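Undergrad: Let's see this in three dimensions:
(one chain, ligands or ions: 1)
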Amino acid sequence: MEMSDKTLFSVLTVVVIVAGVGIGLVVSHPNMTNYAPPVAGENNGVYHLTLVITTNNYYNSIDGYQPAYYVLNNGTLQSSGNIVLPSNSLIEVTIINYDNGTANVSQQYATVTGTVNNQVTIINNTLVNSTYKNNGIAISGAWTTSSVNPADVAHTFTVNGLGLNVPVVPSSVEEFSFHTGGENTYTWQCEAPCGAGPTGWAGAMATVGWMTGTITVQ
Ligand SMILES: [Cu+2]
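TA: Now for the predicted structure:
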């Protein structure tokens with residue numbers, strides 16, 4: 001009887017361990033769903049999208065390093081080649097821009113359009129005022145605006161099909177919201193010539209997943 005209980009306990013222990021390992025493998029398997037498709041109406045119709053712009057991306061031996069947009073998802077940077085968004089939702093976007101350079105744009109692309117209130121909130125705590133010296137460091141707070149100086153634009157996040165244009169200033173964090181309509185497919189493009197070649201429109205600017213791509217509203 002005692003032995004039988006022990007045997008049963010051993011068998012159950014093995015079953016639990018095997019099942020646990022199995023579940024663990026499933027749960028921890030990386031990139032099982034590479035990009036979790038958001039569900040329309042999730043979170044009361046609000047969906048958060050975080051985009052990250054970095055510059056240290058090797059492009060090729062001729063153009064060297066090029067800037068690129070990424071989607072920050074589950075703590076990892078993923079391709080911006082196809083950004084999947086829920087339909088009929090409010091999309092709250094955060095852009096984290098690590099690029100401190102500029103690429104001149106026309107006034108059109110320095111103007112915010114297509115966002116809620118046609119505004120963007122720019123949070124840029126790297127703009128410290130050194131003139132304060134011994135009196136401390138002045139941190140500039142959030143700045144909500146409908147346009148920026150065209151000479152101060154590093155990149156834009158532009159979706160012509162949605163009338164959306166947001167200028168992104170150097171070394172900044174920006175926040176804005178916009179509404180997706182029904183199911184559709186759009187092209188997003190940076191309109192600041194930040195790429196390669198004489199005009200800056202080659203390299204990253206002409207490559208999906210770098211400074212252009214698709215937005216799938218589903
Ligand atoms: Cu760009």
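Undergrad: which residues does Leu85 contact?
TA: Counting by C-beta atoms under 8 Å, 6 or more residues apart in numbering, Leu85 touches Pro38, Tyr47, Leu49, Ile91, Thr180, Ile215, Thr216, Val217, Gln218. Backbone N, C-alpha and C define where each C-beta goes, glycine included.
Undergrad: could I get the residues you listed as TSV with pLDDT, distance to Pro193 and neighbour count?
TA: Formatted as TSV, the contacts of Leu85 follow (pLDDT from 0 to 100; distance: C-beta to C-beta, whole Å; neighbours: other C-beta atoms under 10 Å):
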residue	pLDDT	distance to Pro193	neighbour count
Pro38	57	32	19
Tyr47	92	30	19
Leu49	96	24	19
Ile91	96	26	24
Thr180	95	28	22
Ile215	98	21	21
Thr216	97	26	15
Val217	95	27	21
Gln218	94	31	15
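Undergrad: would a markdown table of the residues you listed with secondary structure and distance to Ser79 be doable?
TA: Output for the contacts of Leu85, formatted as a markdown table (DSSP: H, G, I helix; E, B strand; the rest coil; distance: C-beta to C-beta, whole Å):
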| residue | secondary structure | distance to Ser79 |
| --- | --- | --- |
| Pro38 | coil | 16 |
| Tyr47 | strand | 18 |
| Leu49 | strand | 14 |
| Ile91 | strand | 18 |
| Thr180 | coil | 20 |
| Ile215 | strand | 13 |
| Thr216 | strand | 13 |
| Val217 | strand | 18 |
| Gln218 | coil | 17 |
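Undergrad: now, among these, which is nearest to the ion?
TA: Nearest to the ion, judged by C-beta to the ion, of the contacts of Leu85 is Ile215 at 16.1 Å.
Undergrad: mind listing what's buried in stretch 107-124?
TA: Tyr109, Ala110, Thr111, Val112, Thr113, Gly114, Thr115, Gln119, Val120, Ile122, Asn124 (16 or more other C-beta atoms under 10 Å).
Undergrad: So what touches that stretch?
TA: Against stretch 107-124 from outside (C-beta under 8 Å, 6+ apart): 90, 140-150, 152-153, 156, 158-159, 162-167, 169, 171-179, 191-192.
Undergrad: The residues you listed in strands, which ones?
TA: Judged by DSSP state E, those include 90, 143-145, 156, 158-159, 164-167, 172-179 as members of strands.
Undergrad: where does the nearest residue to Gly182 once chain neighbours are set aside land in three-state SS?
TA: Spatially, and ignoring its direct neighbours in sequence, Gly182 is nearest to Ser87 (5.4 Å; C-beta to C-beta, 6 or more residues apart in numbering). Three-state assignment for Ser87 (DSSP: H, G, I helix; E, B strand; the rest coil): coil.
Undergrad: from memory Ser87 sits against Gly181, does it?
TA: Yes. Counting by C-beta atoms under 8 Å, Ser87 does reach Gly181; the two are 6.9 Å apart.
Undergrad: if we can go back for a sec, now, the buried residues of stretch 107-124 that are in strands?
TA: Using DSSP E, those in strands are Val120, Ile122.
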